[in-house]
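Asks: got a predicted model here, sequence first, then my questions.
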Amino acid sequence: MTVSQSAPSLSTTIAGISLETCIYNASGPLCATEEELDVIGKSAAGAILSKSATLEYREGNPQPRYYETSWGSINSMGLPNEGFEYYANYAPKAAAHGKPYIISVSGMGYDDNTKMIEALADNENVAAIELNLSCPNIPGKPQAGYDFEQSRTLLEKVFEVVRLPLGVKLPPYFDIPHFEMMADVLNSFPISFATCINSIGNGLVIDTEKECVVIRPKQGFGGIGGDFAKPTALANVRKFYTLLKDDVDIIGVGGIKNGMDAFEHILCGAGALQIGTQFMREGADCFARIANELQDIMRQKGYSSIDEFKGKLKDMGE
């Protein structure tokens, strides 16, 4: 994205990696194939984030598995992806786009995760790894992020082999003790960033004309994204910004469809933003549009960089 000298800066640093703009794609929508990743690379996105990779190719859950509503989306994708080697082999091509390439990893067990992460140790074209602790749509598989001891054990194994900056993608938390319990786990390791949040698991959307659920997998249960997810996403961004160590960057995702949504996430503490449902709906043009809208808001408020208001959310009465 070309920004004039007078325009507010959207540049940021995540895990020690410089991004020209703080806005890029969430792992999930439109990032599974080389063609889709190239579209992100050619867009105004600040980074390229891969689909969450499993060790082997996965077809995912049966169709239809994604449905859009006026307020957002519901999905039960089941981690469809081309397999880890596909995304690792794409890294040199990603580098040609001149922006950081981040690989999302979501193994089906401890060994899968450590194998993938260890294999990336010497890949100079991969900037960071996002370890997905939060896929809610694998039948029979609980989210690791809701089992604090399982998360701790996984991170212990991962940090024995990782050589690149590594962050975690978290599920949404709703109870204050659960925020604190996960923060205690994460603060025990040298994680570089925390991505808050994945979709809100196990919602249900109904087609009242057909008197039927709108997606096929899991009897219609799926992850909720878009507008309805934003208040929960903001709460998670804010809470982990206050609970995690100062050197852990927070990446906000959930309900960002315009510049004001982006502004709210940064005000809560996000140093970078990922776009999911809106990217699926609008395509890669959303990155430039949201960036321009955010810059307009910053201009009106007199901010020249996101650091000037990041995490500066006030309590009432301040």
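Replies: Looks like it arrived, so ask away.
Asks: which ones are touching the nearest residue to L19 once chain neighbours are set aside?
Replies: Of all residues not flanking L19 in the chain, G46 sits nearest, at 3.8 Å (C-beta to C-beta, 6 or more residues apart in numbering). (Glycine included, C-beta is placed from N, CA and C.) Contact partners of G46, counting by C-beta atoms under 8 Å, 6 or more residues apart in numbering, are L10, T12, L19, E20, T21, C22, I23, Y24, K99, P100, A272, F287.
Asks: and the gap between K115 and F193?
Replies: Separation of K115 from F193 (C-beta to C-beta, to the nearest Å): 22 Å.
Asks: same thing with N187?
Replies: Applying C-beta to C-beta, the value for N187 to F193 is 13 Å.
Asks: residues shared between the contacts of these two?
Replies: The overlap between the contact sets of N187 and F193 (C-beta under 8 Å, 6+ apart) consists of V248.
Asks: who's more crowded, the two?
Replies: Between N187 and F193, F193 has the larger neighbour count (other C-beta atoms under 10 Å), namely 25 against 13.
Asks: check that one and give its pLDDT.
Replies: F193 is assigned a predicted lDDT (pLDDT) of 98.
Asks: and if you look at G109?
Replies: Looking at G109, its pLDDT is 89.
Asks: same deal with the one 5 residues further on?
Replies: Predicted confidence (pLDDT) for T114: 96.
Asks: that one belongs to a strand?
Replies: No. Membership of T114 in a strand is not supported by DSSP: H, G, I helix; E, B strand; the rest coil, which gives helix.
Asks: now do the SS call for G107.
Replies: coil.
Asks: so who does it touch?
Replies: For G107, the contact set (C-beta under 8 Å, 6+ apart) comprises T54, L55, N113, T114, K115, M116.
Asks: now do 10 Å
Replies: Contact analysis of G107 by C-beta atoms under 10 Å, 6 or more residues apart in numbering lists 52-55, 84, 113-117, 131-132, 144, 154, 158.
Asks: and I200, how far is that from Y101?
Replies: Distance from I200 to Y101, by C-beta to C-beta: 28 Å.
Asks: neighbour-wise, which of the two wins?
Replies: A count of neighbours by other C-beta under 10 Å puts Y101 above the other of I200 and Y101, at 25 against 21.
Asks: what's near enough to touch that one?
Replies: Shown in contact with Y101 (C-beta under 10 Å, 6+ apart): 37, 40-41, 47-50, 87, 90-95, 123, 125-128.
Asks: from the residues you listed, which land in helices?
Replies: Filtering these for membership in helices, criterion DSSP state H, returns L37, I40, G41, Y87, A91, P92, K93, A94, A95.
Asks: what about the third one, neighbour count?
Replies: With neighbours defined by other C-beta under 10 Å, the count for G41 comes to 21.
Asks: likewise the last one?
Replies: Each residue near A95 was counted by other C-beta under 10 Å, and the total is 17.
Asks: what sits against the residue lying closest to it once chain neighbours are set aside?
Replies: Excluding the flanking residues, the one nearest A95 by C-beta to C-beta, 6+ apart is N125, at 4.3 Å. Listed by C-beta under 10 Å, 6+ apart, the contact set of N125 reads A88, Y90, A91, P92, K93, A94, A95, A96, P100, Y101.
Asks: just S304 next, same as before
Replies: If a contact means C-beta under 10 Å, 6+ apart, then S304 has S6, A7, P8, S9, M298 as its contacts.
Asks: ditto for V39
Replies: N25, L30, C31, T33, A45, I48, G283, A284.
Asks: if I look at it, how far off is A88?
Replies: Taking C-beta to C-beta, one finds V39 at 20 Å from A88.
Asks: A95 now?
Replies: Distance, A95 to A88, using C-beta to C-beta: 13 Å.
Asks: what of I17?
Replies: Counting by C-beta to C-beta - I17 and A88 are separated by 18 Å.
Asks: run a quick neighbour tally on M316.
Replies: Per other C-beta under 10 Å, the neighbour tally for M316 reads 4.
Asks: name the element it belongs to?
Replies: Under DSSP states H and E, no helix or strand contains M316.
Asks: contact partners for the closest residue to H265 other than its chain neighbours?
Replies: Distances taken as C-beta to C-beta, 6+ apart place G252 nearest to H265, at 3.5 Å, with adjacent residues excluded. G252 is in contact with 22, 195-197, 230, 233-234, 236-238, 240-241, 261-262, 264-274, counting by C-beta under 10 Å, 6+ apart.
Asks: 7 Å instead, please
Replies: Shown in contact with G252 (C-beta atoms under 7 Å, 6 or more residues apart in numbering): C196, A233, V237, H265, C268, A270, L273.
Asks: just send those residues back as TSV, with secondary structure too.
Replies: Formatted as TSV, the contacts of G252 follow (three-state DSSP):
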residue	secondary structure
C196	strand
A233	helix
V237	helix
H265	helix
C268	helix
A270	coil
L273	strand
